[in-house]
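1. Task: produce atomic coordinates for the following.
(chains A and B)
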Amino acid sequence: MIDERLWSTFAEEIAKTLGVAIDEVRPDVHIKAVEGVDSLTLAELAVMMSERFQADVAHDLAWGSQELTLGDLFAQAKRPARAAAPGGA
Amino acid sequence: MTSTGFEFHWSPSGIADAEASDSPKPDFANLDGRHVYLRTVQPGDYVALQMMETQGEAAMRWRFRGHTPSPEQWLATLWNGVLAQFLVISKRTNEPQGLLYAYNTSQQDRHTYFAALKFNLRERSPLMILGTAIFVEYLFKCWDFKTLYMEVPAFNFEQFSSGLGKYFTIEGRLRDNYICGGRWWDLLILAIRRDNWDHRAQSLLSVAQSPKAAQVRLRMPPGLESERA
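-> The predicted structure follows:
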């Protein structure tokens, strides 16, 4: 069962990183089929997944062939860590 | 083990793990990334590298552009005018992903050019980008460059054009300057400026580079300090 709240955060971040509208972010979309996704975008996707969802996907993006979907990426996403309060520990 | 020989233990991050102490240390460039690491080109790489550079598609679009130099000429060119040169190696497969080198350096004007060749031209991959980020950081940390330049034929630009305005700018466009595949292409001069890189590239580097190992300082019990020396 999909974690709707996590998916919503994930979709928002994916849309920002790939430069697409949020309604274009669907689990069945192949990452490398998204228009304008170049090698640098894939690197930034790896950065975003690491920073926001504690997922190490760089190698999957490199060798995931053309088949890797946004759903595959989402399967590796973990709930974002809560940001520290300003001035907090 | 022979009594005259010595063993050289090398690790990419070894230099940064020198003896821990409280004194300030240089923030060494780290060639050991999380997914890839940079390794200097060795004689054992020459045959594969020469084949890569003189045959197949890369031969047409890389530095020889169709020329087939003799092995001796090729070797001289490999190092001619080169400031630093590394292979990008995947940590998962230990396979070379590409070649990076800095050339045409002007110490007086505090800039250098650099080039990147991805061996697998067909596949989009973040690995070569992550290796390039490590290399750019290396160049900025080892030398006082203000700007790094890349000469990029327009047909190569689409591989990383999304970074325009964020990591680099287009400083120049030489129209119909470069012939490849029977047609003329613009040659773009891209610039990466140190101040912008320092400001914008930290996220990219956070994933490109290995997290630095925590330094542990051992405190010796009183009386044993002198024995340690």
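2. residue ranges of the helices in chain B, please?
-> Residue ranges of the helices in chain B, as given by DSSP state H, are B:46-54, B:56-61, B:71-79, B:126-142, B:154-157, B:194-200, B:202-208, B:225-228.
3. any idea of the mean pLDDT for the fourth one?
-> Just to be clear, that refers to helix B:126-142. Helix B:126-142 shows an average pLDDT of 96 in the prediction.
4. Report the buried residues of that helix.
-> B:126-140 (16 or more other CB atoms under 10 Å in any protein chain shown). For every residue, glycine as well, the C-beta is placed using N, CA and C.
5. quick one, helices of chain A?
-> Along chain A, counting by DSSP H, helices occupy A:4-18, A:39-53, A:58-63, A:70-76.
6. which stretch in those is the model least sure about?
-> Lowest mean pLDDT within those: helix A:58-63, a mean of 85.
7. rewinding a little: most tightly packed of the helices of chain B?
-> Sort these by mean neighbour count, taking mean count of other CB atoms under 10 Å in any protein chain shown, and helix B:126-142 sits at the top with a mean of 24.
8. Extract the C-alpha set from it and format it as PDB.
-> Below are the C-alpha coordinates for helix B:126-142, written out as PDB (Å, rounded to 0.1, in the frame of the first residue of the first chain):
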ATOM      1  CA  PRO B 126      25.300  10.300 -13.300                       C
ATOM      2  CA  LEU B 127      28.600   8.700 -12.600                       C
ATOM      3  CA  MET B 128      30.800  10.700 -15.000                       C
ATOM      4  CA  ILE B 129      29.100  13.900 -13.700                       C
ATOM      5  CA  LEU B 130      29.900  12.900 -10.100                       C
ATOM      6  CA  GLY B 131      33.500  12.200 -11.100                       C
ATOM      7  CA  THR B 132      33.800  15.500 -12.900                       C
ATOM      8  CA  ALA B 133      32.500  17.300  -9.800                       C
ATOM      9  CA  ILE B 134      35.300  15.700  -7.800                       C
ATOM     10  CA  PHE B 135      37.800  16.700 -10.500                       C
ATOM     11  CA  VAL B 136      36.600  20.300 -10.600                       C
ATOM     12  CA  GLU B 137      36.800  20.500  -6.800                       C
ATOM     13  CA  TYR B 138      40.300  19.000  -7.000                       C
ATOM     14  CA  LEU B 139      41.400  21.700  -9.500                       C
ATOM     15  CA  PHE B 140      40.100  24.500  -7.300                       C
ATOM     16  CA  LYS B 141      41.600  23.100  -4.200                       C
ATOM     17  CA  CYS B 142      45.100  22.400  -5.600                       C
END
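9. hmm, it touching chain A?
-> Yes: using CB under 8 Å from any CB of the partner chain, helix B:126-142 reaches chain A at B:126-130, B:133.
10. In CSV: the helices of chain A, plus distance to chain B.
-> Output for these, formatted as CSV (distance: least, CB to the nearest CB, whole Å):
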stretch, distance to chain B
helix A:4-18, 9
helix A:39-53, 4
helix A:58-63, 4
helix A:70-76, 13
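11. can I get these in a markdown table with mean neighbour count?
-> Below are the helices of chain A laid out as a markdown table (neighbours: other CB atoms under 10 Å in any protein chain shown):
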| stretch | mean neighbour count |
| --- | --- |
| helix A:4-18 | 16 |
| helix A:39-53 | 23 |
| helix A:58-63 | 22 |
| helix A:70-76 | 17 |
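12. Mind checking those for the one nearest to B:Trp197?
-> Closest of the helices of chain A to B:Trp197 is helix A:39-53, at 14.1 Å (criterion: CB to CB).
13. Output the contacting helices and strands for that closest one.
-> Under the contact criterion of 3 or more CB pairs under 8 Å, 6 or more residues apart in numbering or on different chains; DSSP states H and E, helix A:39-53 touches helix A:4-18, helix A:58-63, helix A:70-76, helix B:126-142, helix B:202-208.
14. Can you tell me which helices and strands the third one packs against?
-> The reference is to helix A:70-76. helix A:4-18, helix A:39-53, helix A:58-63.
15. And the shortest one, what does it pack against?
-> Applying 3+ CB pairs under 8 Å, 6+ apart, one finds that helix A:58-63 makes contact with helix A:39-53, helix A:70-76, helix B:126-142.
16. what angle do the last one and helix A:39-53 make?
-> Okay, so that is helix B:126-142. Orientation of helix B:126-142 against helix A:39-53 (axes from the mean of the first three to the mean of the last three CA atoms, to 10 degrees) gives an angle of 90 degrees.
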